[in-house]
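Peer 1: sharing a model that was predicted from the sequence below.
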Amino acid sequence: MKATVTRTLEIELTVEDVAAWFAGVDDETQAQFFIEVAKHAASWKAHGGYQWYSVGRHLRTCECSTEAARELIRTIHSGVET
């Protein structure tokens, strides 16, 4: 006889944890990550669609931002332009 057990495991992740994971995976996995983000971001349109602008504004004006973070966003943007 087989039995199925369902478990739920909650793990607290910080932004630093997620960033370290992202930096450590290959380009295929990183691309898949952005594909999944885009799926979730589609719902932002229902709420005004300004989230990307908000992130950009935050990186431009917040004390927590760094030039390296702003440059990364510029590089990603230029890499996906057609």
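Peer 2: Yes, it's here.

Peer 1: gap between the residue sitting nearest the centre point of the chain and T4?
Peer 2: With distances taken as Cα atoms, centre = their mean, V37 lies nearest the centre of the chain, 6.0 Å away. Between V37 and T4 the computed distance is 32 Å (Cβ to Cβ, to the nearest Å). Where C-beta positions appear, they are placed from N, C-alpha and C, glycine not excepted.

Peer 1: need phi/psi at S54.
Peer 2: When read as degrees, to the nearest 10, the backbone of S54 gives phi -60, psi -40.

Peer 1: sorry, wrong one. I was asking about Y53.
Peer 2: Per-residue torsions, Y53: phi -70, psi -40 (degrees, to the nearest 10).

Peer 1: low-confidence ranges in this structure?
Peer 2: Counting by pLDDT under 70, the chain contains low-confidence ranges at 46-47, 49, 82.

Peer 1: show me where it has its helices.
Peer 2: 15-24, 27-41, 51-61, 67-80 (DSSP state H).

Peer 1: distance to L9 added to those helices, as JSON lines?
Peer 2: As requested, the helices of the chain are exported to JSON lines (distance: least, Cβ to Cβ, whole Å):
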{"stretch": "helix 15-24", "distance to L9": "15"}
{"stretch": "helix 27-41", "distance to L9": "20"}
{"stretch": "helix 51-61", "distance to L9": "29"}
{"stretch": "helix 67-80", "distance to L9": "31"}
